[in-house]
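Trainee: Structure for the following, please:
(one chain, ligands or ions: 1)
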Amino acid sequence: MLVGHLAAGLVGKRVAPKISLGTLVLAAVAADLLWCVFLITGIEQVRFVPAATTQNSLQAIHIPYSHGLLLDLVWAGLFAGAYLWRRHFPRGARVLFAAVVSHWVLDCISHKPDMPLAPGVAGRFGLGLWNSIPATVAVEGGFWAVALFLYARGNKPRNRAGVYAFWGGVVLVTAAWYNNVAGPPPAPNVVAAGMSSLVFFSLIVAWAYWMNQVRAVPAPS
Ligand SMILES: [Zn+2]
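Mentor: A predicted model of the protein is given here:
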């Protein structure tokens, strides 16, 4: 999933407006950022198989450290603990814990059964939403649309960047997501895929931190 994870971050901003949108998006895509690093360093393995679309060409072989439920709970605990230590805001820490773990749940909906529980545990989970382009557009795209609606209602632009950079970013991310859902498979280079994904997710997190500056919850009048 891509926009589904960003949608989780946007919903988190409605639940706990004091948390930066950047921190919420970082939590929601933390598993994918770790995956990029583990892929580049060879700790985790995927391979490319012939398939009709980008995301179905990527086959997970060994991803228990970034995308296993047990380790995702550990990453969530570390993330929430670091936030609590810095900000002394228990409710915010709980929301961030949920945002990190939401990644596993959302990926289980979209992936074929390749989502592990823990290193060395055989079971794999996945409902395979990605097998259907219309269903992916309806379910993940629908979640994205609802989250954008909720976020845009609660966080108003403070300047022009809050309008143009926000909606411009939304259009670019949506286009990248749709290309992933329905576009052709990429060149089968695992390290290059890890590198380009790392840059892409880092840019999305940076954009979310920026949007938190240029959009804000209006003060009650
Ligand atoms: Zn993922």
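Trainee: anything in stretch 191-207 near the ion?
Mentor: No: counting by Cβ under 5 Å from the ion, no contacts exist between stretch 191-207 and the ion, the nearest distance being 9.8 Å. Every residue, glycine included, has its C-beta placed from N, CA and C.
Trainee: Name the residues of that stretch that are buried.
Mentor: By neighbour count with 16 or more other Cβ atoms under 10 Å, stretch 191-207 contains the buried residues A193, G194, S197, L198, F201, I204, V205, W207.
Trainee: Looking at those residues, which is nearest R153?
Mentor: Using Cβ to Cβ, W207 comes nearest to R153 of these, at 20.0 Å.
Trainee: three-state assignment of the closest one?
Mentor: helix (DSSP: H, G, I helix; E, B strand; the rest coil).
Trainee: quick one: it from the ion, how far?
Mentor: Counting by Cβ to the ion, to the nearest Å, the separation of W207 from the ion is 19 Å.
Trainee: what's the closest non-adjacent residue to that residue?
Mentor: In this structure, W207 finds its nearest non-sequential neighbour in G169, 5.1 Å apart by Cβ to Cβ, 6 or more residues apart in numbering.
Trainee: so L127 is in which element?
Mentor: If you go by DSSP states H and E, L127 is not part of any helix or strand.
Trainee: so what's the backbone phi/psi at it?
Mentor: The phi/psi pair for L127 (degrees, to the nearest 10) reads phi -90, psi -10.
Trainee: just to revisit the earlier point, need the three-state assignment for the residue nearest to W207.
Mentor: The local conformation at G169, judged by three-state DSSP, is helix.
Trainee: okay, now it: neighbour count?
Mentor: Number of residues near G169 (other Cβ atoms under 10 Å) recorded here: 17.
Trainee: any idea how far it is from the ion?
Mentor: 20 Å.
Trainee: can you check L148 too?
Mentor: L148 sits 20 Å away from the ion, going by Cβ to the ion.
Trainee: likewise V137?
Mentor: V137 is 19 Å from the ion, where distance means Cβ to the ion.
Trainee: need the contact list for that residue.
Mentor: Y178, V181 (Cβ atoms under 8 Å, 6 or more residues apart in numbering).
Trainee: and if you look at D32?
Mentor: H5, S66, H103, S197, F201.
Trainee: Considering those, which member attains the minimum pLDDT?
Mentor: Among the contacts of D32, S197 carries the lowest pLDDT, at 93.
Trainee: Just the pLDDT for S221.
Mentor: pLDDT for S221: 61.
Trainee: re earlier: quick check: the farthest pair among the contacts of D32?
Mentor: Among the contacts of D32, H103 and S197 lie farthest apart (Cβ to Cβ), at 14.1 Å.
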